[in-house]
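Engineer: Make a model of this:
(2 chains)
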Amino acid sequence: MSKGLSLVGLRKTYPGSILALDGIDLAVGEGEFFAILGPTNSGKSTLLKTIAGVEPVDRGSMELFGRRLNELEPRERKVSLLFQNIALFPDRSGFENIAFPMRVAKRPGGEIKARVAEISALLRIDHLLTRLPRTFSGGEQQRVAIARAIVLPADLLMLDEPLTNLDARIRIALRLAFKKLHRDSGQTLLYVTHDQVEALSMADRIGILHQGRFAQIGTPDKIYFRPASEFVARFIGSPPMNILDVKLTMEDGGLRVRGQGFETIMRGAPKMALPASAAAGIRPEEIGVAQEAGPETPHPGTVVWIERLGSHRILDVRLGAQMLKVRTRADHALDREGPAWFGFGISPHRILDRATGLFLAADAQSQTFATNKEETACV
Amino acid sequence: MIARLELRQLVKRYAEVEAVRAIDMSLAPGEFLSLLGPSGCGKSTTLAMIAGFEKPSGGTILVDGKPINDVPPGQRRIGMVFQDYAVFGRLTVLDNLGFGLEAQNVPRSERRRRIAEIVEKLELRDILSRRGAGLNMSEMQRVALARVLVTEPRLLLLDEPMSNLDASMRSALRGELKLIQRSLGQTVLYVTHDQVEAMSMSDRIAVMRDGRIEQVGTPDEIYHRPATRFVAEFIGDPPINIFACTVKRSGNGTAVATALHDALELPLSDVPDGEHSLGIRPHDLHLSKAPMRGAVATTARFVEKLGAEDVVHVDYGGSLAAAIAAPGFAFPGDRVWLGVDGSRAHIIRSDNGRVATAEAA
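Structural biologist: Predicted coordinates:
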């Protein structure tokens, strides 16, 4: 991936020594769709504002396609930033609002017409082109503002929660529209959101921002299946990953993992320093359920509640004294509350050191593990 | 104390708009029913009429068979929980609980008895002296419920209580609310635009649109056997695929031709021959990497990651079809084969907008 945006050691404090960005390092490739995902006040919007030049940084450097941004005025940076709340020109039609950046750039009329038509079809706002903004609903205003922000390619396009507050149906449709737009334009894109589904479904890579730092940067699959920390594991997933307290002991047969209501042996685990206080991370869909005990479902527990969500179900399960979430398909045979049997494997990269809040296995280590079959035993 | 609610031909007209158009609905004692629909569908207006904040333009509201249209809100014995739970932040939990009872002039000894009872049931003992502002969301929900339940309502109304909370918090609160409702056997009417909330907690769901009820049914019925095109499209995430199709009666079932499939056999009997739409959920489209019987070759165009699964958008005639696949199953540009689970297909009739569902679903 060739070089697009490069941030090194970015730090930003607001008056009153409020630390907003605490050492941001990030390289976004040309044409990459990069999502910045994090809870409220994690620094997401501040990061976009510093790149756009709306907020100064305390230290660190910013480069875009080899150009240093730090000393440039906002309009010299060749970036486009769409804020969460943006005002339209009340006296101009939907078409002229969207066309505005192209008019300023003195693009030919034919090109403007074609481009506005293309974008408004994708965002489903064709019906607004001849109308004035005061006749638009809130969601329609928002979509026209999105269209205006993306109508003209920029070296870097930054969108701050563009789909927030839109109706659920429109949001789902626009996810795909953004993917299409991005694929067809090759636009380098920074997309800020607090919605994990938006980040997972659209982005090439995701950076999870937490208290002004990236807790993890990786592809959607990496973030989901190999979270770096308990924070990431609990932030991603619906419902989030189960984190179960375990005791680890190294034995001849492998690594013994003892939890509440279950016990399993990880064979072929390399000798390593074991954390004194550990937990295991298991995604709700990685847990097998059956009405009877079996080799795949050796642990007895109780289904306390079943959530029927149409395409799938979420079970609230009591295993030992702890509660966990289990996800099954809608056509799964187990369909009533009461006693049931459960089974799951524990992967080495899902062992959490409680002292650091980090998962144990670095990449190199987990690749060695991957060749060894993990076994779960009923005890 | 636990009541039956019935709405008969209930209407609400504002100057120019008919917000609620003659709806009929009933809740059995102890039932959890959700009014689900997009903004402006009339669900909140319906709730406001039941609570007594809005006066019906027509029709009757009955609690345990008795009309309450003319009963003032304060005497209806209907409890209401508002958006964001609205617990008083400066008052202690105990004072929050006493608030409604004092307003109702309930005698002191009776107040004590009721508060003690609800504190026990909702496990509030340890937080009684804490202030509302210092509570976490789970505690906040219990206090908001307890504050209403001490007034011994015959019916509990909840108006989008979770709409401003984040996803993981909502998920936790859904389970807790359902357990509380079930253990108390309270009749609940829950208003929401969020299908996950409605699906996960309700015994039945009433889907509303433009002031009318489109369908009332259990969550499974609403999802698997939608009555109208609107319900089929409103429920389900990712949304149902809809393709133009030609229907022709054949033997015991129905042969359906679409842009990609030229003869799908569906176990359906009551659809007239002609041009209709085929509705099929992304979970009922199956992708394979090799030719399979009944599957047609196509190309993957977009892949949306959802974590536990991927949504693969494949070419389907001139449009796209969304299919669910295991994470990493396909990438844009991949050749894939698309199969249809005909036993779960729906035909949306062009003549009346009703949905016919395969017998097996």
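Engineer: CA atoms for contacts and neighbours, from now on please.
Structural biologist: Noted.
Engineer: For the nearest residue to B:Met169 once chain neighbours are set aside, give its distance to B:Arg170.
Structural biologist: What sits nearest to B:Met169 in space, not counting adjacent residues and going by C-alpha to C-alpha, 6 or more residues apart in numbering or on different chains, is B:Met137, at 7.6 Å. As for B:Met137, its distance to B:Arg170 is 9 Å (criterion: C-alpha to C-alpha, to the nearest Å).
Engineer: Show me the longest helix that occurs in the chain.
Structural biologist: As the question left the chain open, I've gone with chain A. As assigned by DSSP state H, the longest helix anywhere in chain A is helix A:168-185.
Engineer: wrong one, chain B
Structural biologist: helix B:167-184.
Engineer: Quick one: list the elements packing against it.
Structural biologist: helix B:137-149, helix B:195-201 (3 or more C-alpha pairs under 8 Å, 6 or more residues apart in numbering or on different chains; DSSP states H and E).
Engineer: tally of neighbours for B:Asp126?
Structural biologist: When counting by other C-alpha atoms under 10 Å in any protein chain shown, one arrives at 8 neighbours for B:Asp126.
Engineer: rewinding a little: which is the next helix or strand following the longest helix of chain B?
Structural biologist: strand B:188-192 (DSSP states H and E).
Engineer: Please save the CA atoms from that next one in CSV.
Structural biologist: In CSV, the C-alpha atoms belonging to strand B:188-192 read as follows (Å, rounded to 0.1, in the frame of the first residue of the first chain):
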residue,chain,number,x,y,z
VAL,B,188,-46.5,-4.4,29.7
LEU,B,189,-47.0,-2.3,26.6
TYR,B,190,-43.6,-1.3,25.2
VAL,B,191,-43.1,1.3,22.4
THR,B,192,-39.9,1.1,20.3
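Engineer: now that strand: mean pLDDT?
Structural biologist: For strand B:188-192, the mean pLDDT works out to 96.
Engineer: so how far is it off the chain centroid?
Structural biologist: Taking C-alpha atoms, centre = their mean, to the nearest Å, one finds the center of strand B:188-192 at 9 Å from the center of the full chain.
Engineer: coming back round to it: format the helices and strands packed on helix B:167-184 as TSV; extra columns: mean pLDDT and mean neighbour count.
Structural biologist: Formatted as TSV, those follow (pLDDT from 0 to 100; neighbours: other C-alpha atoms under 10 Å in any protein chain shown):
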stretch	mean pLDDT	mean neighbour count
helix B:137-149	91	22
helix B:195-201	94	23
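Engineer: Smallest gap between the stretch 101-250 of chain A and chain B, at which residue?
Structural biologist: A:Ser201 (4.1 Å; C-alpha to the nearest C-alpha).
Engineer: quick check, that residue in a strand?
Structural biologist: No. According to DSSP: H, G, I helix; E, B strand; the rest coil, A:Ser201 belongs to no strand; its state is helix.
Engineer: how about it, what does it touch?
Structural biologist: A:Arg175, A:Pro220, B:Val303, B:Glu304, B:Lys305, B:Leu306 (C-alpha atoms under 8 Å, 6 or more residues apart in numbering or on different chains).
Engineer: which ones are touching the fifth one?
Structural biologist: For B:Lys305, the contacting residues are A:Val197, A:Leu200, A:Ser201, A:Met202, A:Pro220, A:Asp221, B:Val311, B:Pro327, taking C-alpha under 8 Å, 6+ apart as the criterion.
Engineer: So the second one versus B:Cys41, what's the distance?
Structural biologist: When you say that, I think you mean A:Leu200. A:Leu200 is 31 Å from B:Cys41, by C-alpha to C-alpha.
Engineer: Then the fourth one?
Structural biologist: Look at A:Met202 and B:Cys41: by C-alpha to C-alpha, they are 31 Å apart.
Engineer: More neighbours: which of the two?
Structural biologist: Neighbour count, other C-alpha under 10 Å: between A:Met202 and B:Cys41, A:Met202 has more, with 26 against 21.
Engineer: Helix, strand, or coil at B:Glu110?
Structural biologist: Assignment for B:Glu110 (three-state DSSP): helix.
Engineer: measure the residue nearest to A:Phe65 when sequence neighbours are not counted to chain B for me?
Structural biologist: Closest residue in space to A:Phe65, ignoring its immediate chain neighbours: A:Gly4 at 4.8 Å, by C-alpha to C-alpha, 6+ apart. Noted for A:Gly4: a distance of 23 Å to chain B, by C-alpha to the nearest C-alpha, to the nearest Å.
Engineer: State the distance from A:Gly4 to A:Thr297.
Structural biologist: 49 Å.
Engineer: do A:Ala340 as well
Structural biologist: 9 Å.
Engineer: So which residues on the stretch 101-250 of chain A come close to chain B?
Structural biologist: Residues of the stretch 101-250 of chain A lying near chain B by C-alpha under 8 Å from any C-alpha of the partner chain: A:167, A:169, A:172, A:176, A:179, A:197, A:200-202, A:220-221, A:224-225, A:235, A:237-240.
Engineer: what residues do A:Ala340 and A:Thr297 have in common as contacts?
Structural biologist: By C-alpha under 8 Å, 6+ apart, the residues touching both A:Ala340 and A:Thr297 are A:Val289, A:Ala290.
Engineer: Average pLDDT for the longest helix of chain B, rounded please.
Structural biologist: Rounded mean pLDDT across helix B:167-184 is 87.
Engineer: Mind pulling up the pLDDT for B:Ala227?
Structural biologist: 96.
Engineer: picking that back up, buried residues, the longest helix of chain B. List them.
Structural biologist: For helix B:167-184, a neighbour-count test (16 or more other C-alpha atoms under 10 Å in any protein chain shown) marks B:Ala167, B:Arg170, B:Ser171, B:Leu173, B:Arg174, B:Gly175, B:Leu177, B:Lys178, B:Gln181 as buried.
Engineer: Poorly predicted segments of the stretch 1-150 of chain B, please.
Structural biologist: Flagging of the stretch 1-150 of chain B using pLDDT under 70 yields the residue ranges B:1.
Engineer: Which parts of it are helices?
Structural biologist: Assigned by DSSP state H, counting those that start in this stretch, the stretch 1-150 of chain B shows helices spanning B:43-51, B:93-103, B:108-121, B:137-149.
Engineer: again with the stretch 251-379 of chain A
Structural biologist: A:363-370.
Engineer: residues from it in reach of chain B?
Structural biologist: A:Glu285, A:Trp305, A:Ile306, A:Glu307, A:Arg308, A:Leu309, A:Gly310, A:Ser311.
Engineer: so what's the fourth one bridging to?
Structural biologist: The reference is to A:Glu307. A:Ile314 (DSSP bridges).
Engineer: Would you confirm that it contacts A:Val326?
Structural biologist: No. With contact defined as C-alpha atoms under 8 Å, A:Glu307 does not count as touching A:Val326 (10.2 Å).
Engineer: and for those two, which residues touch both?
Structural biologist: Joint contacts of A:Glu307 and A:Val326 (C-alpha under 8 Å, 6+ apart) are A:Ile314, A:Leu315.
Engineer: separation between A:Ile86 and A:Leu128?
Structural biologist: From A:Ile86 to A:Leu128 the distance is 17 Å (C-alpha to C-alpha).
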